[in-house]
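*Asks:* structure for the following, please:
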Amino acid sequence: MSNNFFKRHPLIKHLLYMLAVSVIIVVLAFLLIKAIARQGKEYELPDYYGISLSQLKKDNPLSFTYVIIDSVYDAEKEGGIVLQQDPKPGTMVKTHRKVYVTVSTYTPADVVLPELSSMTVRSAVSALEASGLRCGKLKFVDSPYRNMILEATCKGKMVYAGEKMDQGAAVDLTVGIGEKPVGTRVPFVIGQAPAKTRRGILSASLNVGIEHWDEVTDRNSAVCYKLYPDYTGVTRYPLGTAVEVWYCDATEADIERIISNFKVDSTQIFTTPYDEYDDYYTTEEDMDFDEGWDW
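*Replies:* Okay, the predicted model is just below:
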């Protein structure tokens, strides 16, 4: 178009100027947004489990912002240690991302020991957890009161209902073995998280033995995939038998696969002296040793 045309139609000239300026503004805006958002520049989020907050702040090349959303007491960890994180390790994120963490407290809160006397093992395990404590070891002694809590100790010292204790403390229980040789089955805890696995084993009047963490990066997302003695649904073991546990990292799909692929080891199915007392499991309390629990 000639200059004469724009002189005759100045409005068109101004509209073209406005259009050009608008295009330039839109292009610059997209470039700016891309630069701010750092599109295409994502990094794998590290696993912060077990790392202290001071170390996170000191070593932070990607300029993440760490936000504490909760703090809980963990007897096995010092204060200020990361216990959980969101997003999870391995998530692809951009720099300057906010990472939400749950850390361990420096001092435990005081909790009150509940009344455990005359409770069954399963009830006592639940009562301890509800009070912020945990069941440690089960010791079975001669007593006519089968499966009944006789006394509780913590670090070798007798403790009583109403006594203040540190949150998360392990309470060992002395339990009556009864007048007849009653055994118990290993519960099916395959695919369960560590807390539920321990609860299931203890509730079955068994002890938690050595725990193996096979290349586990986040214990909060780990699940049980193997036991020894293993679950058979048949074989009974003496009360208080230690059950060795193996854990692995697992997604929801992995958990379904682990459970569906589980097969009972026929070599572990054998008759024990306790099998002759099958008919003895008749009362509701006796079912604490049996299958069919609501997990």
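*Asks:* mind checking the SS state of the closest residue to residue 228 other than its chain neighbours?
*Replies:* Excluding its sequence neighbours, the residue lying closest to residue 228 (CB to CB, 6 or more residues apart in numbering) is residue 244, at 4.4 Å. From N, CA and C alone the C-beta is placed, and that goes for glycine too. Using DSSP: H, G, I helix; E, B strand; the rest coil, the structure places residue 244 in strand.
*Asks:* return the distance of residue 244 relative to residue 172.
*Replies:* When distance is defined by CB to CB, to the nearest Å, residue 244 is 19 Å away from residue 172.
*Asks:* picking that back up, what residues does the residue nearest to residue 228 make contact with?
*Replies:* The contact partners of residue 244, taken as CB atoms under 8 Å, 6 or more residues apart in numbering, are 209-212, 227-228.
*Asks:* can you check the pLDDT for it?
*Replies:* Note for residue 244: predicted pLDDT of 97.
*Asks:* repeat for residue 122
*Replies:* 93.
*Asks:* same check on residue 131?
*Replies:* pLDDT for residue 131: 92.
*Asks:* give me the buried subset of the contacts of residue 244.
*Replies:* The neighbour count (16 or more other CB atoms under 10 Å) marks 211, 227 as buried among those.
*Asks:* narrow the contacts of residue 244 to those in strands?
*Replies:* Judged by DSSP state E, strands contain the following of the contacts of residue 244: 209-212, 227-228.
*Asks:* what are the ranges of the strands in the stretch 51-200 of the chain?
*Replies:* Applying DSSP state E, counting those that start in this stretch to the stretch 51-200 of the chain gives strands spanning 65-72, 82-86, 92-93, 98-104, 110-112, 134-141, 149-154, 157-159, 164-166, 170-176, 183-185.
*Asks:* want to throw the ones you listed into TSV with distance to residue 41, mean neighbour count and mean pLDDT?
*Replies:* Below are the strands of the stretch 51-200 of the chain laid out as TSV (distance: least, CB to CB, whole Å; neighbours: other CB atoms under 10 Å; pLDDT from 0 to 100):
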stretch	distance to residue 41	mean neighbour count	mean pLDDT
strand 65-72	17	13	86
strand 82-86	21	19	87
strand 92-93	10	12	86
strand 98-104	17	18	90
strand 110-112	47	14	90
strand 134-141	44	19	94
strand 149-154	52	18	95
strand 157-159	56	12	95
strand 164-166	46	14	91
strand 170-176	47	19	95
strand 183-185	54	19	89
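*Asks:* make TSV from these and add distance to residue 197 to it.
*Replies:* Formatted as TSV, the strands of the stretch 51-200 of the chain follow (distance: least, CB to CB, whole Å):
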stretch	distance to residue 197
strand 65-72	19
strand 82-86	18
strand 92-93	31
strand 98-104	21
strand 110-112	23
strand 134-141	13
strand 149-154	22
strand 157-159	25
strand 164-166	23
strand 170-176	16
strand 183-185	15
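*Asks:* list phi and psi for residue 186.
*Replies:* phi -70, psi 130 (degrees, to the nearest 10).
*Asks:* now do the same contact list for the nearest residue to it once chain neighbours are set aside.
*Replies:* Nearest non-adjacent residue to residue 186, counting by CB to CB, 6+ apart: residue 231, 5.0 Å away. Residue 231 makes contacts with 185-190, 264, as judged by CB under 8 Å, 6+ apart.
*Asks:* helices of the stretch 151-295 of the chain, start to end?
*Replies:* Here the stretch 151-295 of the chain has its helices, by DSSP state H, counting those that start in this stretch, at 194-203, 252-261.
*Asks:* helices or strands up against the first one?
*Replies:* Contact here means 3 or more CB pairs under 8 Å, 6 or more residues apart in numbering; DSSP states H and E; on that basis helix 194-203 packs against helix 121-130, strand 134-141, strand 207-213, strand 222-228, strand 242-249.
*Asks:* and the first one, what's buried?
*Replies:* It refers to helix 121-130. 121-128.
*Asks:* tell me the angle that helix makes with helix 194-203.
*Replies:* Helix 121-130 and helix 194-203 are oriented at 150 degrees to each other (axes from the mean of the first three to the mean of the last three CA atoms, to 10 degrees).
*Asks:* tell me which residues are up against helix 121-130.
*Replies:* Residues outside helix 121-130 that contact it (CB under 8 Å, 6+ apart): 114, 116, 119, 134-135, 138, 147, 149, 171, 173, 175, 199, 202-203, 205, 288.
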